[in-house]
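Undergrad: the sequence and its predicted three-dimensional model are supplied below.
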Amino acid sequence: MAALATKIGVPNLATLLQQFLFYQLYPDDPCNPSEIPIAACPQFKGSISVFNSASMQFYAPSDLSGLGGM
């Protein structure tokens, strides 16, 4: 997790993940995330895999042939 946090520039990634897991388990808790002690949040002991991907879509509004082509 530390390597991923460094790579994406979010040094408190582990804390954010623990707070996220807390709110997944207790969605009706009225506390502000900063008020919840980290010790009260669930621990994440798993691994995280990252798969990079990209998608592009081009659109030419002046294309008279439309979506079906000519």
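TA: Nice, I can see it. Source: prediction; values computed, not measured. Residues are numbered from 1 along each chain as shown.

Undergrad: now what about stretch 55-62, what contacts it?
TA: Outside stretch 55-62, no residue is within contact range by CB atoms under 8 Å, 6 or more residues apart in numbering. Bear in mind the C-beta positions are built from the backbone N, C-alpha and C, glycine included.

Undergrad: for the protein, which spans come out with low pLDDT?
TA: Under the criterion of pLDDT under 70, the regions of the chain flagged as low confidence span 60, 62-70.

Undergrad: wait, what's in contact with the residue positioned nearest the centre of the chain?
TA: If you average the C-alpha coordinates of the chain and look for the closest C-alpha using CA atoms, centre = their mean, you land on Leu17, 9.3 Å from that point. Residues near Leu17 by CB under 8 Å, 6+ apart: Met1, Phe44.

Undergrad: which parts of the stretch of helix or strand it belongs to are buried?
TA: Here Leu17 is covered by helix 13-25, with elements defined by DSSP states H and E. Neighbour counts over helix 13-25 (16 or more other CB atoms under 10 Å) mark Leu13, Ala14, Leu17, Gln18, Gln19, Phe22 as buried.

Undergrad: stretch 25-38 now?
TA: Within stretch 25-38, the residues scored as buried using 16+ other CB under 10 Å are Ile36.

Undergrad: got a list of contacts for it?
TA: Among residues not part of stretch 25-38, those counted as contacts by CB under 8 Å, 6+ apart are Thr15, Gln18, Gln19, Phe22, Tyr23, Pro42.

Undergrad: with only the CA atoms kept, save that stretch in CSV.
TA: What follows is stretch 25-38 as a C-alpha-only set of coordinates in CSV (Å, rounded to 0.1, in the frame of the first residue of the first chain):
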residue,chain,number,x,y,z
LEU,A,25,-19.8,-1.0,7.5
TYR,A,26,-21.6,1.8,9.3
PRO,A,27,-23.3,4.0,6.7
ASP,A,28,-25.6,5.7,9.2
ASP,A,29,-22.8,6.8,11.6
PRO,A,30,-23.2,10.6,12.0
CYS,A,31,-19.5,11.2,12.9
ASN,A,32,-17.2,13.2,10.7
PRO,A,33,-14.4,11.1,9.3
SER,A,34,-11.8,13.2,11.1
GLU,A,35,-13.5,12.5,14.5
ILE,A,36,-13.2,8.7,14.2
PRO,A,37,-10.0,7.3,15.7
ILE,A,38,-8.1,5.2,13.2
